[in-house]
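Enquirer: What shape does this take:
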Amino acid sequence: MTKARDLADLGNKTSLDEINDAYNAGALSNRNLIINGAMQVAQRATTFNYNMNVANIYTTCDRFSLLKSSGTYNLTNTQSTDAPAGFSHSYKVVCDTAYTPSASDNFGINQNIEISSGLQGFGFGTSEAKDITFSFYVKGTPKTYTFQTNYVGTDGEQKSQNKAFTVTNTWTRKVITFSAGGTSTSIGIEPDQTSTGMNFRIWLAAGPDDIASEITTWTANPPPTYEAATGQGNFFSATGNEFYLTGVQLELGDTATPFEHRSYGDELAKCQRYYETGKTGASAYGASGTGFLGSMVDYKVEKRAAATLTQASQSYNQIDSNNIFLGNVGLTIPCNETNGFHHCAIHGNVNAKYAFTYTADAEL
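Expert: Alright, predicted model coming up:
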């Protein structure tokens, strides 16, 4: 049977065995809406010590961030090589300082999903709204945590569902289906294609003000925002507590199919829509007197939006005040676009040159 035939017949498949057969034939490619779910790509770092008062920060594995509302949290985050069969990496956090959350002190792992990733296919806002299924592998210090997902409606409000799950000290695959219904049949997803349309959050700690019964149908979630489900554990109950995550997948329907593995190159390109790093520079050999020198950087992948640019590891020769200007700052040719940016400097004499590493951040 051809792949085209498998695709045509996919809607008629009802058993997991039939779905697995279609998967093996390649009929279910490009179904996972999560980027870097296997934790292969870590452009920023492979280890990060978190003790910051930052609401949302990207640390190691691309597209996954640490999210907090309030509270004092200290942990070490690594891209780990401890992973279940079929995977090479996981997202690991270890508690460095014990802490008991109060009020609305919430902390977790987050991924924001761009609308253009395929969210409109969920059919939210219509009578054809579809179920969606998350699956993921976890292990760690035995606890109960909460998996929450939210979508941003056309009315600008957040709609939520959540479900508690347990962690043991062995790798286990969790499957959580969020049913259509509630607001999803009447309120669609925000239409701005390059914005956050949905996210998921694994709450590792939550204050008592934000814990309530599971939200089992799409529901507007006004303040106080109930993030975590009854039974929520506290990852920060003791120094040394661990949590590992990998194989994260989001797909249409009420059945979890086998994890969609992608090549490192494919996954890296998807990540680089949101974050990229590289090295560049410019030179003006033989030039005398003062003037400008510069060049363009063409991104490896077009960015979601004009990026926030930073530079490091600079080297200079005959550059005025050792200043390198990026994008729209101090340039004769202002340029900071989704496909690249301009950089320049003022040179002071013969054989002027400079080099630097850059980061371009267009995260959601």
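Enquirer: Please name every helix or strand in contact with the helix or strand hosting Ala312.
Expert: For Ala312, the host element (DSSP states H and E) is strand 308-317. Contact partners of strand 308-317 among helices and strands, from 3 or more CB pairs under 8 Å, 6 or more residues apart in numbering; DSSP states H and E: strand 352-361. In short, each C-beta sits where N, CA and C put it, glycine included.
Enquirer: hmm, 10 Å instead?
Expert: Other helices and strands packing on strand 308-317, by 3 or more CB pairs under 10 Å, 6 or more residues apart in numbering; DSSP states H and E, are strand 275-284, strand 325-326, strand 340-347, strand 352-361.
Enquirer: Out of those strands, which is the most enclosed?
Expert: Across the helices and strands packed on strand 308-317, the average number of neighbours (mean count of other CB atoms under 10 Å) peaks for strand 340-347, which reaches a mean of 22.
Enquirer: I'd like the average pLDDT over that strand.
Expert: On average, the pLDDT along strand 340-347 is 92.
Enquirer: That strand to strand 275-284, inter-axis angle?
Expert: On the basis of axes from the mean of the first three to the mean of the last three CA atoms, to 10 degrees, strand 340-347 is oriented at 40 degrees to strand 275-284.
Enquirer: quick thing: my sequence starts at 471, can you match it?
Expert: From this message on, residue numbering opens at 471, which makes the last subject strand 810-817.
Enquirer: any idea of the angle strand 810-817 forms with strand 778-787?
Expert: 30 degrees.
Enquirer: which one of the helices and strands packed on strand 778-787 lies closest to Tyr607?
Expert: For the helices and strands packed on strand 778-787, proximity to Tyr607 was assessed by CB to CB; strand 745-754 is nearest, at 24.1 Å.
Enquirer: Next, the most centrally placed residue in the chain: secondary structure please.
Expert: Nearest residue to the geometric centre of the chain (CA atoms, centre = their mean): Arg533, 2.4 Å. When classified by DSSP: H, G, I helix; E, B strand; the rest coil, Arg533 comes out as coil.
Enquirer: got it, and Gln590?
Expert: Using three-state DSSP, the secondary structure recorded for Gln590 is helix.
Enquirer: Report the beta-bridge partner residues of the closest residue to it other than its chain neighbours.
Expert: Sequence neighbours aside, Ile659 is the residue nearest to Gln590 in space, at 6.5 Å (criterion: CB to CB, 6 or more residues apart in numbering). Note on Ile659: beta-bridge partners by DSSP bridges are Gly623.
Enquirer: Between the two ends of stretch 550-563, how far is it?
Expert: 9 Å (CA to CA, to the nearest Å).
Enquirer: List the residues that contact the residue nearest to Asn632 when sequence neighbours are not counted.
Expert: Leaving aside its chain neighbours, Asn632 sits nearest to Gln618 (3.9 Å; criterion: CB to CB, 6+ apart). Applying CB atoms under 10 Å, 6 or more residues apart in numbering to Gln618 gives the contacts 578, 580, 630-633, 646, 648, 669-673, 676, 684-685, 691, 695-699.
Enquirer: Write the ChimeraX selection for whichever of those residues are buried.
Expert: Buried subset of the contacts of Gln618, written as a ChimeraX selection, criterion 16 or more other CB atoms under 10 Å:
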select :578,580,630,631,632,633,646,648,669,670,671,672,673,676,685,691,695,696,697,698,699
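Enquirer: can you redo the helices and strands packed on strand 778-787 as CSV with distance to Ile527?
Expert: Below are those laid out as CSV (distance: least, CB to CB, whole Å):
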stretch, distance to Ile527
strand 745-754, 12
strand 795-796, 22
strand 810-817, 23
strand 822-831, 11
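Enquirer: Quick one: neighbours of the residue nearest to Glu697 when sequence neighbours are not counted, just the number.
Expert: Nearest non-adjacent residue to Glu697, counting by CB to CB, 6+ apart: Asp680, 4.7 Å away. Neighbour count for Asp680, taken as other CB atoms under 10 Å: 21.
Enquirer: Thought Thr548 was touching Lys562, still the case?
Expert: Yes: using CB atoms under 10 Å, Lys562 is in contact with Thr548, at 4.9 Å.
Enquirer: Looking at these two, which has the bigger crowd around it?
Expert: Legend: neighbour count by other CB under 10 Å for Lys562 and Thr548, higher for Lys562 (25 against 22).
Enquirer: Show the model's pLDDT score for that one.
Expert: pLDDT, Lys562: 99.
Enquirer: Now do the SS call for it.
Expert: Quick answer, by three-state DSSP: Lys562 is strand.
Enquirer: partner residues bridging Met766?
Expert: Legend: beta-bridge partners of Met766 under DSSP bridges are His812.
Enquirer: wait, it sits on Leu796?
Expert: No: counting by CB under 10 Å, Leu796 is not a contact partner of Met766; they are 11.4 Å apart.
Enquirer: Can you check which residues contact both of these two?
Expert: Here Met766 and Leu796 have 805, 811-814 as joint contacts, going by CB under 10 Å, 6+ apart.
Enquirer: I'd like the distance between the residue nearest to the centre of the chain and Gln581.
Expert: 6 Å (CB to CB, to the nearest Å).
Enquirer: and for these two, which residues touch both?
Expert: Counting by CB under 10 Å, 6+ apart, the shared contacts of Arg533 and Gln581 are 504-507, 718, 834.
Enquirer: Can you tell me which of those residues has the most neighbours?
Expert: Of all the shared contacts of Arg533 and Gln581, the most densely surrounded is Gly507 (28 neighbours; neighbours counted as other CB under 10 Å).
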